[in-house]
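Colleague: Sequence and predicted structure, then a few things I'm wondering about:
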Amino acid sequence: MADEGVGSEGISKISDVLSGSLNGKRARVRGWAYRARASNNLAFIVIRDSSGIIQCAFKKDSVPADVFDKAKGIYVESSLWAEGTVREDSRAPGGFELTCDNIGVICLGEAFPIAKDQSTEFLLDTRHLWLRSQKLTNVMKARYYMLGLLREFFDKEGFFEVAPPIITKAGCEGGSTLFEVNYFGDKAYLTQSSQLYAEIYITALEKVYVLAPSFRAEPSRTVRHLAEYWHLEPEMAFYSNAMNMELQEKMIAYVANNLASRHSDIVKACGQDPAYLASIKAPFERIPYTKAIEIVNANGGKMAWGEDFGADEEALLTKGKSMPVFVHNFPKKIKSFYMRPDPENPETVLNSDMIAPFGHGEIIGGSERIWEYDYLLQRIREENLDVKNYQWYLDLRKYGSVPHSGFGLGIERLVKWMLNLDHIRDAIPFPRTINRVYP
C-alpha cells in the first residue's frame, strides 16, 4: 500500500523541528519508522530521516479512525510521512514531539528482520539493512566530514588531487599480498597503493594526493585489517622525511580539531569525547626504531632488532600516551624497495610510521623516496622484482628527478581511532575481509 509522499513540498527536515524554530507550528516530516509502539488509545512512531529522529504521537480520540489505524499498523522501517503540531517535550528524543493528526504510508514493508542482541555475523550478513542503524549512520556521517576536512586541508596546503589507475602491472608493497586479475589474457593486479603513480605527477604539479581504494591480500583476522580500504596518498616534490612528518601531524591535528568543533554532536553520538579530539596538537613525539624496541621490551614485549611491530607491540609502545607517536628509521631489510636509506646509517631508511594510541595502532606510513636512477634499479633487483614492470617508474629518475617524500593514510584506520571504534569493519559501509565478500 502507498500514499502520497514522493515530492518534497511542505516537508521539514527533522533537524529543523529539533532546532526549536518550529515550536508551536504545524510541520510535516518524512522518513522511516525507527521505533513504533501502540496501545488501544495511543500510537507512538519515532521517525528518522538523514538529519535526526523525532517522536510522533497519535491519540485515538483526536484523529480520524483511518489515521489512527494506519499509525497503529506501522512496522519498524516502514517509510511514511506524518503531520501535526510541534511541541516541546523533555521526555521525547531531542526534546520535541509532533502531535499528529495525519499520516501517509509510502511503503509499509514487512516485519524488519533485525532486532536487539543479534550476532555480529548476522549483522554483517544483513549489512545492507544494518547501515540504517543510528550507530552506523553517525559513523558514516563522521567519515564523510573527515574526508571533507582532509580535502580542505590539502586545498589550503596547495595540493592537487589526481586520479591513478586501479589495475596495474607493478606491485608497490611486494607480491605476496597482491590480488591477481586476468586482464584480457594478461596478468595484472589490483593496486596495493597509488604511490608510484602519484610520484609521476610531482614533476608537473609538485604537491599532489590520491584518495582511492587499495587492495591487500593479507590473510589477517585482526580488528584493523581490511582487504579493500580507502587510501589517502600525498606525494611532495622537494620534501625531506622530516618535512613529511611535519605535514602528517599538521593534517591529523587539523582534522581532529575541526571535527570536534564543527561536528561535536556526531562525534558524541559515535561514542567519542570531542574534547579529546580538540586536545590533539602537533608536534607528536618522534621515536627512533631502535629506541622504540627498547620501550616495547621495557613494557613487557619481546622484540629483536629487525622485527616489525605488530598490534601488541604498538599497544605497548603507546602505553600511557594519549597522542600519536612517530617511529622512524626502520631497518632497510623490512621496508619497501623505494624507501631512501639514511646517509648517516644506510642500514635504516628515512621513513616513519604514525602509531595511534589506545591500541588503534599504525594509521600512516611514509618515507623519503629513492630519487637516484642507479640506486633505485639496484634496489629493484635486490628485491627480485621484474625490472620491465617498473621501467616507467625508473624513467622518472632519468628525466629531472628531485628529492621527494610521501605517505599513505588508511582512512578506515583514521576513522576507527578518531571515533574510538572497536573494529575497523564499522568504519566502512561494506567491509571486505578474509572471510567476507557479501553483501
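Modeller: Now that the structure is in, tell me what you want to look at. Residues are numbered from 1 along each chain as shown.

Colleague: how's this structure carved up into domains?
Modeller: 14-107, 124-427 (automatic domain parsing).

Colleague: what about residue 384, how many neighbours?
Modeller: 8 (other Cβ atoms under 10 Å). Bear in mind the C-beta positions are built from the backbone N, C-alpha and C, glycine included.

Colleague: just the one 3 residues further on next, same as before
Modeller: Counted by other Cβ under 10 Å, the residues lying close to residue 387 total 11.

Colleague: Name the nearest residue to it, ignoring sequence neighbours.
Modeller: Distances taken as Cβ to Cβ, 6 or more residues apart in numbering place residue 380 nearest to residue 387, at 5.8 Å, with adjacent residues excluded.

Colleague: Tell me if I am right that that neighbour is in a helix.
Modeller: Yes: with DSSP: H, G, I helix; E, B strand; the rest coil as the criterion, residue 380 is located in a helix.

Colleague: Pretty sure it sits against residue 370.
Modeller: No: look at residue 380 against residue 370 with Cβ atoms under 8 Å: they stay out of range, at 9.7 Å.

Colleague: State the number of residues packed around residue 33.
Modeller: Neighbours around residue 33, by other Cβ under 10 Å: 23.

Colleague: And it, how close does it get to residue 136?
Modeller: According to Cβ to Cβ, to the nearest Å, residue 33 stands 18 Å off from residue 136.

Colleague: Then residue 111?
Modeller: Computed with Cβ to Cβ, the distance linking residue 111 and residue 136 is 21 Å.

Colleague: re the thing from before, distance check, the residue nearest to residue 387 against residue 215.
Modeller: According to Cβ to Cβ, residue 380 stands 22 Å off from residue 215.

Colleague: tell me the contacts of the residue nearest to residue 387?
Modeller: 337, 387, 390, 394 (Cβ atoms under 8 Å, 6 or more residues apart in numbering).

Colleague: which residues does residue 407 form a beta bridge with?
Modeller: residue 366 (DSSP bridges).

Colleague: how many neighbours does it have?
Modeller: Residue 407 has 26 neighbours, counted by other Cβ under 10 Å.

Colleague: Same question for residue 24.
Modeller: For residue 24, the count of nearby residues is 9 (other Cβ under 10 Å).

Colleague: now swap in residue 10 and tell me
Modeller: Other residues close to residue 10 by other Cβ under 10 Å number 11.

Colleague: just checking, it touches residue 28?
Modeller: Yes: Residue 10 is within contact range of residue 28, at 5.4 Å (criterion: Cβ under 8 Å).

Colleague: Neighbour count for residue 111 and residue 136, which is higher?
Modeller: More neighbours surround residue 136 than the other of residue 111 and residue 136, with 17 against 8 (other Cβ under 10 Å).

Colleague: and that one, what is it in contact with?
Modeller: 130, 426, 429.

Colleague: Give the full set of residues in contact with the last one.
Modeller: It stands for residue 429. By Cβ under 8 Å, 6+ apart, the neighbours of residue 429 are 127, 131, 136, 140.

Colleague: Please produce a markdown table containing the residues you listed, extended by secondary structure, pLDDT and distance to residue 88.
Modeller: Below are those laid out as a markdown table (DSSP: H, G, I helix; E, B strand; the rest coil; pLDDT from 0 to 100; distance: Cβ to Cβ, whole Å):
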| residue | secondary structure | pLDDT | distance to residue 88 |
| --- | --- | --- | --- |
| 127 | helix | 98 | 37 |
| 131 | coil | 98 | 32 |
| 136 | helix | 98 | 30 |
| 140 | helix | 98 | 30 |
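
Colleague: From the contacts of residue 136, pick the one nearest residue 194.
Modeller: residue 429 (21.0 Å; Cβ to Cβ).

Colleague: Which stretches in the stretch 101-250 of the chain count as helices?
Modeller: For the stretch 101-250 of the chain, helices defined by DSSP state H, counting those that start in this stretch occupy the ranges 120-125, 127-130, 134-156, 195-205, 241-262.

Colleague: Redo these as JSON lines? Include distance to residue 356.
Modeller: Rendered in JSON lines, the data for these read as follows (distance: least, Cβ to Cβ, whole Å):
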{"stretch": "helix 120-125", "distance to residue 356": "23"}
{"stretch": "helix 127-130", "distance to residue 356": "25"}
{"stretch": "helix 134-156", "distance to residue 356": "14"}
{"stretch": "helix 195-205", "distance to residue 356": "21"}
{"stretch": "helix 241-262", "distance to residue 356": "9"}
